[in-house]
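Participant: with the sequence up front, the predicted model follows.
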Amino acid sequence: MFSSIYESPTEILIKKEINSNNGKLSFAQYMDICLTNSNSGYYSTKDLAWNRFGDYQTSPEVHYLFGYLWAQQIYECLINIDKTKTIDLIEIGGGSGVFMANIANWLKNKDEHIFNNITITLIDVSKKRLSNQKQLLESFNINASYMTLDDFINSTKKNNGVIITNEFFDCLPVNLIKQKNNTLYEIYVVTSGKNKLEYSEQLLEDKKITNFIEKMNLNLFNDCIVEIPINTFNKIQKIAEKINSGYFINIDYGDVASNLIQPWRKQGTYKAITRHMIEDPLVRPGEIDITADVNFSLLQKALEEKNMIVNPIITQWEALSNLGIFEIYKNSKDINVFNSAEYLNIKKAIETLTEPEKLGKIKVQIASRSCPINNLSYLRKLI
């Protein structure tokens, strides 16, 4: 019988790192290598796609309406910002680049004067992704700057304007913690006797994690896995420090802590996704995406500690509804019958973007510094 064991380049690297790191990697370390390694990480994949033909579909890829609607909200935010200063429009984790392309095109058509005074910057964890984004935006004649997240955080420049993310923070590394008999354990990635990747629960020794759990007042339950996003918390605070005045818009899968940490949620929210299906994160490392739901309660604390005002989270379907997505659908009914394809495309896109159990359940959270926030359009009908 012929048998072969395939190991991806990332798996080979991970096993090497395990061997040189006392026989284990934290899940955060494992996740970081799988996603961001410059040579073989998932986000360095040549043909990575965010549409229905890829591993998963993000909202900007569904229809240009998503970008146009958020452009309306961004325009409202830009109006509130001091025009005597340079105005920044920054997207972190821009995916294919189509979200920013649609936002920029709408703003240019709406108000060319404001558009010409905007400095557009795309930020990502992967230089490969930045290269792809640059290629797309240049095809739309959109001038922009491009930089890695680390370079952005380490720069001394303060920004006035809008920073927006869509499905970005759910891909940042998290530690996995499990409480058993009121004792905390950390879940590591190790190699088995047969040189296979597997999980290992070991007593929690990292004081940073213990202190974080205590500081954030996280109420853990026995036999339940919980993601601890120290990296995300720190990154958000560093991003907040870059905002002199303006808005920070986060759109992502997740919920508040009281909904994420429950006794019935035994396996946590971390998962791998391939071809729109859930997969074991230890299978084919570097070739599948790994995510964990965003704890928006912790995001709020991170931003408030940096003296930003944070609005309550709402769902994507609520935000898009308030921004007028269903009015677009109503108006599209008046189109010529000979152009029914466009009407059907809009109808399908709206259903996809607002479906409560899919993209519609994504959460939206907006924070601000030195700018009004209480009456923004995305929230207006709910307050």
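Facilitator: Structure received. Residues are numbered from 1 along each chain as shown.

Participant: what's the nearest residue to residue 279 if we skip its chain neighbours?
Facilitator: For residue 279, ignoring the flanking residues on the chain, the nearest one in space by CB to CB, 6 or more residues apart in numbering is residue 272 at 4.3 Å. Bear in mind the C-beta positions are built from the backbone N, C-alpha and C, glycine included.

Participant: how about that neighbour, what does it touch?
Facilitator: 278, 279, 280, 281, 283, 288, 289, 290, 291 (CB atoms under 8 Å, 6 or more residues apart in numbering).

Participant: farthest pair within those residues?
Facilitator: Using CB to CB, these reach their maximum pairwise distance at 283 and 291, which is 14.7 Å.

Participant: so between those two, which is more surrounded?
Facilitator: Between residue 283 and residue 291, counting by other CB atoms under 10 Å, residue 291 is the more crowded of the two (24 against 13).

Participant: the nearest residue to the more buried one once chain neighbours are set aside: how many residues sit nearby?
Facilitator: Of all residues not flanking residue 291 in the chain, residue 170 sits nearest, at 4.5 Å (CB to CB, 6+ apart). When neighbours are defined as other CB under 10 Å, residue 170 has 23 of them.

Participant: so residue 170 sits in a helix?
Facilitator: Yes: according to DSSP: H, G, I helix; E, B strand; the rest coil, residue 170 belongs to a helix.

Participant: distance check, it against residue 204.
Facilitator: 23 Å (CB to CB, to the nearest Å).

Participant: and the helices in the stretch 101-250 of the chain?
Facilitator: Remark: helices assigned in the stretch 101-250 of the chain by DSSP state H, counting those that start in this stretch are 112-116, 127-139, 149-154, 207-215, 230-241.

Participant: so which of these is the most packed in?
Facilitator: Stretch with highest mean neighbour count among the helices of the stretch 101-250 of the chain: helix 230-241 (a mean of 19; mean count of other CB atoms under 10 Å).

Participant: dump the helices of the stretch 101-250 of the chain into JSON lines; add distance to residue 268 as well.
Facilitator: Output for the helices of the stretch 101-250 of the chain, formatted as JSON lines (distance: least, CB to CB, whole Å):
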{"stretch": "helix 112-116", "distance to residue 268": "43"}
{"stretch": "helix 127-139", "distance to residue 268": "27"}
{"stretch": "helix 149-154", "distance to residue 268": "25"}
{"stretch": "helix 207-215", "distance to residue 268": "14"}
{"stretch": "helix 230-241", "distance to residue 268": "15"}
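
Participant: of all the ones you listed, which one is nearest residue 97?
Facilitator: Short answer: helix 127-139, nearest of these by CB to CB, at 3.5 Å.

Participant: distance from that closest one to the middle of the chain?
Facilitator: 18 Å (CA atoms, centre = their mean, to the nearest Å).

Participant: can you show me the CA trace of that helix as PDB?
Facilitator: Only the C-alpha atoms of helix 127-139 are listed here, as PDB (Å, rounded to 0.1, in the frame of the first residue of the first chain):
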ATOM      1  CA  LYS A 127       2.900  43.200   1.900                       C
ATOM      2  CA  LYS A 128       1.400  40.900  -0.600                       C
ATOM      3  CA  ARG A 129      -2.100  42.100   0.200                       C
ATOM      4  CA  LEU A 130      -0.900  45.700   0.000                       C
ATOM      5  CA  SER A 131       0.600  45.100  -3.400                       C
ATOM      6  CA  ASN A 132      -2.800  43.700  -4.600                       C
ATOM      7  CA  GLN A 133      -4.700  46.600  -3.100                       C
ATOM      8  CA  LYS A 134      -2.400  49.100  -4.800                       C
ATOM      9  CA  GLN A 135      -2.900  47.400  -8.200                       C
ATOM     10  CA  LEU A 136      -6.700  47.600  -7.800                       C
ATOM     11  CA  LEU A 137      -6.800  51.200  -6.700                       C
ATOM     12  CA  GLU A 138      -4.500  52.300  -9.400                       C
ATOM     13  CA  SER A 139      -6.800  50.800 -11.900                       C
END
